[in-house]
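>>> sequence and predicted structure below; questions after.
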Amino acid sequence: MNRREFITLIGSAVASPLVARAQQPTMKVVGFLNAASPQDYQRPLAAFLKGLGEAGYIDGHNVAIQYHWAEGHNDRLPAMAADLVHKQVTVIAATTTPAALAAKAATSTIPIIFETGGDPINLGLVASLNRPGGNVTGAASLAVELLAAKGLELLHELIPAARVIGLLINPSDPAAAEPQEKAVLSDARTLGLEIHVLNASSERDLDEVFAKLAQLGAAGLVISAGVLFSSHAQQLAALAARYAIPAIYTRREFAEAGGLLSYGSNITESYRLAGIYTGRILKGDKPAELPVQQATMVELVINLKAARALGISVPLSILGRADEIIE
């Protein structure tokens, strides 16, 4: 072997691993942005990962997921969204309405897949459900204002003698609070009910709210949908039991924790759809070409143990519509 051949051989041996490393594809990254905490969203997160898996992607195998949880502090979301944009993730999965709004405000180029219980058009997320346009699309469950109004109707059907009802909203989350308040007040006028709107912007406000309900002589409570309340569903159920207030909420965790009723969208379905769409973006689909998917599954869960403790006899007309009855 002459000197030239020896140098060529050594050069090839050194270069080969470098070339091999350079040719390895970089793993795509999903930025997962959520206004709540992982402890409160275990089932929805599992559904999202299931949808992502149906699209052919598994976290840590052929895609990497960077999780950003705001832990109920919506004011943290803009910085979290900006961080994901700075890291140039492949797609942002903005699950929960506040997260979706923060992501849209942060970027007009990185694809965004949202999950929301609001109207995507009214929220300004998309221009049209069929033709979203831009970099945003996703999955929407049944509008929260419809669920809040239906919750009032169910509570009225359950305790028809009650004329004074409380409505709990979070004024620091106007995208969710305002349409629900408007819908419930409108429905209350039709039903001839008196509604007292009570505000809670943090966990510390909840005890005060229930004390105020007792002072008002309210015979029931509608809890509006929102991250603050979903993150404290167990606390809300405990307070409703302590103050003997028949209450209804959109999340099934409320009824499972001892609350009287829950009526709301099965958000695991919308999270699964969001997971599928995230996978499609990873494969190269464009958000503007993916129509907003609508999950319409709702579930009514009744806790009969709570009803007995409150001295309420649940009529067959409601029992027959229940998706689940907790004895």
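Ah, there it is. Residues are numbered from 1 along each chain as shown.
>>> Ala255 reaches Asn303, doesn't it?
Yes: contact criterion C-beta atoms under 8 Å: Ala255 and Asn303 qualify, at 4.7 Å. The C-beta positions use only the backbone N, C-alpha and C, and glycine is treated the same way.
>>> export stretch 75-92 to PDB, keeping only CA atoms.
Presented in PDB, the C-alpha positions along stretch 75-92 are these (Å, rounded to 0.1, in the frame of the first residue of the first chain):
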ATOM      1  CA  ASP A  75     -50.500  34.300  32.700                       C
ATOM      2  CA  ARG A  76     -47.600  31.900  32.200                       C
ATOM      3  CA  LEU A  77     -48.900  30.700  28.800                       C
ATOM      4  CA  PRO A  78     -47.500  33.500  26.600                       C
ATOM      5  CA  ALA A  79     -43.900  32.900  27.800                       C
ATOM      6  CA  MET A  80     -44.300  29.200  27.400                       C
ATOM      7  CA  ALA A  81     -45.600  29.600  23.900                       C
ATOM      8  CA  ALA A  82     -42.800  31.900  23.000                       C
ATOM      9  CA  ASP A  83     -40.300  29.300  24.400                       C
ATOM     10  CA  LEU A  84     -41.700  26.700  22.000                       C
ATOM     11  CA  VAL A  85     -41.500  29.100  19.100                       C
ATOM     12  CA  HIS A  86     -37.900  29.900  20.100                       C
ATOM     13  CA  LYS A  87     -37.000  26.200  20.100                       C
ATOM     14  CA  GLN A  88     -38.600  25.900  16.600                       C
ATOM     15  CA  VAL A  89     -40.700  22.900  17.400                       C
ATOM     16  CA  THR A  90     -42.300  21.100  14.500                       C
ATOM     17  CA  VAL A  91     -45.900  21.700  15.700                       C
ATOM     18  CA  ILE A  92     -47.600  23.100  18.800                       C
END
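>>> report the mean confidence score over it.
Confidence for stretch 75-92, expressed as mean pLDDT, is 97.
>>> buried residues of it, list them for me.
Arg76, Leu77, Pro78, Met80, Ala81, Leu84, Val85, Val89, Thr90, Val91, Ile92 (16 or more other C-beta atoms under 10 Å).
>>> any chance of those in TSV, with distance to Thr137 and secondary structure too?
Converted to TSV, the buried residues of stretch 75-92 look like this (distance: C-beta to C-beta, whole Å; DSSP: H, G, I helix; E, B strand; the rest coil):
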residue	distance to Thr137	secondary structure
Arg76	25	helix
Leu77	19	helix
Pro78	21	helix
Met80	21	helix
Ala81	17	helix
Leu84	17	helix
Val85	18	helix
Val89	16	coil
Thr90	15	coil
Val91	11	strand
Ile92	12	strand
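>>> closest to Leu152 among the residues you listed?
Proximity of those to Leu152 (C-beta to C-beta) peaks at Leu77, which lies at 29.6 Å.
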